[in-house]
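Enquirer: Turn this into a model:
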Amino acid sequence: MLSQDVAGAPVNGAEGAGVKPYNLVSVRGLRKVYNTRSGEKIEAIREISMEVKEGEFVSLVGPSGAGKTTLLNILLGLLPYTSGEVRYKGELLRGPRRDVGIVFQEPVLFPWRTVLQNVLLPAEVIGIDKKVALERAKSLLEMVGLKDFLNKYPAEMSGGMQQRAAIARALVHDPTLLLMDEPFGALDALTRETMNLELLRIWKQTGKTIMLVTHSIPESIFLADRVIVLGVRPSRIAADVEIDLPRPRSLDMISTDRFGELNKVVRKSLEVSLPAGEEH
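Expert: Okay, the predicted model is just below:
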């Protein structure tokens with residue numbers, strides 16, 4: 001059972017040395033237009049400008065169809081954008097990068113592969129030395145609490161355990177940036193709370209930069225340093241809310257006055273971005 005006060009801040013080398021962290025991700029005037037088969041143009045993102053600093057935890061919230069997943073796919077280098085500029089580590093992003101990881105809403109584990117074999121898959125695709133990859137995979141599975149399940153198959157584990165394996169898989173090639181697309185949306189409430197604490201523990205231990213998409217306002221606040229609210233399509237940033245809750249964080253914080261105030265700020269920003277008469 002996880003302790004409820006293990007969710008601390010990441011250990012960041014630059015910050016520890018007193019050096020201001022740099023912008024790992026920089027987006028300027030981003031616009032994305034899809035061309036349909038019928039020739040129609042659908043504007044998914046109209047204008048997004050934002051920065052994400054090294055070691056930062058940023059949550060993205062917004063209504064369905066607001067372009068959250070589209071934005072993640074652009075940052076992943078899998079989806080070209082129409083105009084604007086996206087820089088990663090100061091360089092223009094021109095395609096997929098090996099130092100970016102992704103966790104989806106569903107674990108997407110191959111049922112015929114063991115947990116260890118599933119986690120090793122990205123390393124096999126990239127061509128990482130087998131011995132190095134094996135040691136890292138085992139270490140990650142121990143970190144996420146699955147060291148006794150290396151040779152189990154996905155069907156032999158719960159949904160929460162499968163998602164832990166998916167997180168380990170996303171980290172096996174040691175990415176600097178971890179993108180997460182509603183990773184806990186399919187879990188029950190209690191498992192989701194446990195996974196929130198687990199994610200913060202992993203973030204602290206690895207020092208990764210995380211961008212997480214979620215439809216849960218409380219979850220976005222509990223996890224992040226900042227919550228970016230995207231408006232209805234065509235998407236723009238409706239608000240960028242700094243979360244000044246202290247770390248380490250515990251589930252008890254959810255019932256505090258400050259948490260409630262932040263919840264109102266994010267919810268109000270989201271409601272303002274919706275069409276009249278529509279609620280989140």
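Enquirer: do you know how far L178 is from L76?
Expert: Distance, L178 to L76, by Cβ to Cβ, to the nearest Å: 11 Å. For the C-beta atoms, the positions are set from N, CA and C on the backbone; glycine is no exception.
Enquirer: Next, show the common contact partners of those two.
Expert: Here L178 and L76 have 100, 102 as joint contacts, going by Cβ atoms under 8 Å, 6 or more residues apart in numbering.
Enquirer: Look at these two and report which has more neighbours.
Expert: Higher neighbour count among L178 and L76: L178, with 23 against 18, using other Cβ atoms under 10 Å.
Enquirer: Mind checking the pLDDT average for the helix or strand where that one lies?
Expert: Following DSSP states H and E, one finds L178 within strand 177-181. Averaging pLDDT along strand 177-181 yields 95.
Enquirer: Can you name every helix or strand that the helix or strand following it contacts?
Expert: Sequence-wise, the next helix or strand downstream of strand 177-181 (DSSP H and E) is helix 189-206. If contacts are counted by 3 or more Cβ pairs under 8 Å, 6 or more residues apart in numbering; DSSP states H and E, helix 189-206 sits against helix 159-171, helix 217-223.
Enquirer: which helices and strands sit right next to the last one?
Expert: Here helix 217-223 touches strand 57-61, helix 189-206, strand 226-230, helix 257-273, going by 3+ Cβ pairs under 8 Å, 6+ apart.
Enquirer: The longest one now?
Expert: Contacts defined by 3+ Cβ pairs under 8 Å, 6+ apart place helix 159-171 against strand 100-103, helix 115-126, helix 130-143, helix 189-206.
Enquirer: Let's see the shortest one as PDB, backbone CA atoms only.
Expert: Extracted C-alpha coordinates of strand 100-103, given in PDB (Å, rounded to 0.1, in the frame of the first residue of the first chain):
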ATOM      1  CA  VAL A 100      10.100  11.300 -26.000                       C
ATOM      2  CA  GLY A 101       7.800   8.700 -24.400                       C
ATOM      3  CA  ILE A 102       4.000   8.200 -24.600                       C
ATOM      4  CA  VAL A 103       1.500   6.500 -22.300                       C
END
